[in-house]
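Q: predicted model and sequence below, questions to follow.
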Amino acid sequence: MALAIMCSGGDAPGMNPAIKKFVDYTYKKGQDAYLIYDGLDGLIDNKIKKAAHKDVSGIVHFGGTIIRSSRSKRFYEYEYRKQAYENLKALNIKGLVVLGGDGTFRAMQKLSSEFDINFVGIPSTIDNDIYGTEYCLGVDTSLNVIRDALDKIRDTASSFNRAFLVEVMGRECGYLAIVSAIVSGAEICIIPEIEFQKDALERRLIQEIKEGRNYILAIISEGAKKTPEIHSWIEEKFGMETRVSILGHIQRGGSPSVYDRMMAFDFTIRAIDYLLEHNDSNKVVVYNSGKFDFMEIEEVVSKRYELPKHLIDAINYLD
Ligand code: F6P
């Protein structure tokens, strides 16, 4: 039996350790390991190569993914999905480990509803926005990149009478923003899931400024789409010169943290074991309360991730 691994959608730190573990563990289990390059586009174009141990040696400390990724538009069309399936079949690949996020899992659900394909998805996105799992590969590294940037921005913010607005990634999910706001001691956190409490924040900050506050650090989740509005609001209401930093794609880079390397190890071993023990698998490995489990792809893609209540509540405790 042959197994293959692929990354699709936004890359996430931790993918390389997962790819290395995939190759080493698949061979250890006596099966052949294949690498699919360039994500779903590569699957369509048959960029599938049998892996050797040397292909994955010395990669655990690299961010990104050595097999690259893509956001494939062609995969929306049936004829290309059929081509992808035939490429796997020709190589006798019976199981697929797929590292990706929501969009990737939707694509896999479509493929598995049309063709006889076994796969296990590993939630991998810095956004941490996949239903059914508390943790997605890459989040810890990304949070550490953001924390490092925020610590530095606070140094300069506190040296002036200024406000700094820092926009972080996360698509429609405020997870990165809330956790970053907590760990950096930010005064304001704006996320898509919660209405921005302008009046309450205004009263609080006016009071704090009277008491000596001379700078503000605000974290804004990109999905809230409120950066220009908050910028004008702070300048007008508090008369504070305001600077904006959009952290952008640096949040997706960097050497995977210890936690992401460990999670890559655990997610991958479980995905492979599951594929080897079942021949009708359309699952995602999920991680909750310290335990790994498997969830049907239908369930994962049909429901929406919700931020845990304690994180939503944390916004009220930032002052
Ligand atoms: O899903 C990961 C992510 O980095 C989001 O946080 C961000 O909105 C998006 O991908 C950016 O996509 P791209 O790399 O295609 O610009």
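A: In hand now; what should we look at? The structure presented is a predicted model; accordingly, all values stated were derived computationally and were not measured. Numbers count the residues shown, from 1 in each chain.

Q: for this structure, which residues are neighbours of the ligand?
A: Gly10, Gly101, Thr125, Ile126, Asp127, Met169, Gly170, Arg171, Glu222, Arg252 (Cβ under 6 Å from any ligand atom). (Each C-beta comes from the backbone N, C-alpha and C, glycine too.)

Q: quick check, pLDDT for the most centrally placed residue in the chain.
A: Geometric centre of the chain, nearest residue: Thr125, 1.6 Å, by Cα atoms, centre = their mean. As predicted, Thr125 sits at a pLDDT of 98.

Q: pull the contacting residues for the residue in the stretch 201-319 of the chain that the ligand sits nearest to.
A: Residue nearest to the ligand within the stretch 201-319 of the chain (Cβ to the nearest ligand atom): Arg252, separated by 5.2 Å. Taking Cβ atoms under 8 Å, 6 or more residues apart in numbering, we find Arg252 in contact with Gly10, Asp11, Ala12, Pro13, Gly63, Gly64, Ile126, Gly138, Ser142, Met169.

Q: tell me the SS of the spatially closest residue to Cys173 that is not a sequence neighbour?
A: Nearest residue to Cys173 in three dimensions, chain neighbours excluded: Asp129, at 3.6 Å (Cβ to Cβ, 6 or more residues apart in numbering). Following DSSP: H, G, I helix; E, B strand; the rest coil, Asp129 is assigned to coil.

Q: for the residue nearest to Asn288 when sequence neighbours are not counted, phi and psi?
A: Excluding its sequence neighbours, the residue lying closest to Asn288 (Cβ to Cβ, 6+ apart) is Glu134, at 5.0 Å. Main-chain dihedrals, Glu134, degrees, to the nearest 10: phi -70, psi -30.

Q: distance of Glu134 relative to Met263?
A: From Glu134 over to Met263 the distance is 11 Å, taken as Cβ to Cβ, to the nearest Å.

Q: repeat that for Ile93.
A: Taken as Cβ to Cβ, the span from Ile93 to Met263 is 25 Å.
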